[in-house]
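Trainee: For reference, the sequence and a predicted model appear below.
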Amino acid sequence: MSFQLEGPVLAGELVRLEPLDHEHTADLARAAEENRGTYEFTWVPRADEVGDYVDAQLARAATGRLAPYAQVSVATGRAVGATSYWEPRCWLSEDRLDAVEVGFTWLAGSAQGTGINAEAKLLLFRHAFEEWDVARVDLKTDARNERSRAAIQSVGARFEGVLRNWSRSWAPGEDGRLRDSAIFSITAQEWPGCRERLEERVAGFRSRGSTITPPGS
């Protein structure tokens, strides 16, 4: 496969997606420790692990199969989480992207429910469908993670089913175990309607003046 994932800066009014770099480490360390009760089935680094986490994501990026982002709150200028394009698939030719996954996503507790997730997905989906001209974007989560499944469905992705024993489990205390993964997708045919609904949803957050107040600020 000759196609290499490279994610440009994607800017919205609530969130700016910046290619992940070590300059985001301090912010992400703070973000990761805010409320870890929301990460029951998702691996999020502890503060002292963020440097290694960034190194690992950049190493994956060097393979051309991952384009990692820091999610930066426009309101505060701070990185409040991460996300990525992942698993590019070129089925019809080696240099044309046909499908890609959006994953490795997490947000600080204070950023959840503010519209940042919705706008980040709008930016990522729009770039994938309208710049890369993909046929499909997919998202996966632990099948037990009802919170994540609801968040994925809220941005317009359609549930396709559960892939059994699909990947390693990231849940605490489950090292060495496999998980069932719930898979969701949006196709190019569905994108115009999905985009319209996402834009309306993000506009609602903007009109309410959603902001983030970091702990201790």
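Mentor: Good, I have the coordinates. Residues are numbered from 1 along each chain as shown.
Trainee: Quick one: distance of stretch 111-128 to the chain centre.
Mentor: Counting by C-alpha atoms, centre = their mean, to the nearest Å, stretch 111-128 is centred 8 Å from the centre of its parent chain.
Trainee: Kindly report the same for stretch 12-27.
Mentor: Per C-alpha atoms, centre = their mean, the centroid offset for stretch 12-27 relative to its chain is 12 Å.
Trainee: what mean pLDDT does it have?
Mentor: Across stretch 12-27, the average pLDDT comes to 97.
Trainee: What are the contacting residues of that stretch?
Mentor: 7-11, 50-51, 54, 57-58, 61, 67-75, 78-80, 82-84, 114-116, 119-120, 122-124, 202, 205-206, 210 (C-beta atoms under 8 Å, 6 or more residues apart in numbering). Just so you know, the C-beta spots here come from the backbone N, C-alpha and C atoms, and that holds for glycine as well.
Trainee: buried stuff in that stretch?
Mentor: Within stretch 12-27, the residues scored as buried using 16 or more other C-beta atoms under 10 Å are 12, 14, 15, 16, 17, 18, 19, 20, 24, 25, 27.
Trainee: try stretch 33-41
Mentor: 33, 34, 38, 39, 41.
Trainee: which other helices and strands contact the longest helix along the chain?
Mentor: Longest helix of the chain, by residue count under DSSP state H: helix 191-207. Using 3 or more C-beta pairs under 8 Å, 6 or more residues apart in numbering; DSSP states H and E, the elements in contact with helix 191-207 are helix 116-130.
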